[in-house]
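Participant: sequence unknown, structure follows:
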């Protein structure tokens, strides 16, 4: 298994140094960005398996960086913040965070949560690509191919598909999907999710394969079984 690269976005040098030491001791390869501008440049240039991001940065909010990052990536994100109010924590999740840790924190707990997020975000034993012989999902590049041809998807369709595929056979409600993909762009609207699911099915499901399954009365799941057909 290759090295797991983690980007730490943190302007406090003492915290950055402490977290870096613990991450290295746990076998990870951490890099540090001390402000938002540097973070955006590093995210554009390098591939990371997890992001740890402070919310309060010198030049911009960490949530702004992650919201932009979420336009093209489903990489796990852990927010660090001195903001402890429930509203702040919920906002962090709604704007793209997968976990939220308040300061001060125990570095050992942070490492444990890093490991938990990495376990959850591994889509298959091969980690980078899922295929059933017809559909190909490339988790690093977010490329989607059907029978060897690239499938044109909108940003939200792509985010929705890869979010479902990251957790195969796990059922998500429409509210959960809306919160994860659309965040605070508007009030939760189940019709928005339904329309995007409909568009994804039209683009992906040809013949008898059914990849996005409706679980009656609950929501949707990504069907990862190559043996089971769902209608």
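Facilitator: Structure received. Predicted, not measured: the structure shown is a model, and the values here were computed from it. Residues are numbered from 1 along each chain as shown.

Participant: State whether residue 133 is indeed within a strand.
Facilitator: No: in this structure, residue 133 is coil, not part of a strand, as judged by DSSP: H, G, I helix; E, B strand; the rest coil.

Participant: i'd like the first residue to be 434 from this point on
Facilitator: Shifting the count to begin at 434 puts that one at residue 566.

Participant: so where's the protein uncertain?
Facilitator: Scanning the chain with the threshold set as pLDDT under 70 gives 434-435, 554-560, 616-621, 639-642, 658-664.

Participant: domain assignment for it?
Facilitator: 438-554, 562-655 (automatic domain parsing).

Participant: now the first one, how far from the chain's geometric center?
Facilitator: Domain 438-554 has its C-alpha centroid displaced from the chain centroid by 12 Å (Cα atoms, centre = their mean, to the nearest Å).

Participant: residues contacting residue 627?
Facilitator: residue 607 (Cβ atoms under 8 Å, 6 or more residues apart in numbering). C-beta here means a position set from N, CA and C on the backbone, and glycine is covered the same way.

Participant: can you map out the strands along the chain?
Facilitator: Along the chain, counting by DSSP state E, strands occupy 438-442, 462-466, 483-487, 510-514, 532-535, 562-564, 568-571, 576-579, 582-583, 605-606, 645-648, 652-655.

Participant: Distance check, residue 583 against residue 500.
Facilitator: Distance from residue 583 to residue 500, counting by Cβ to Cβ, to the nearest Å: 26 Å.
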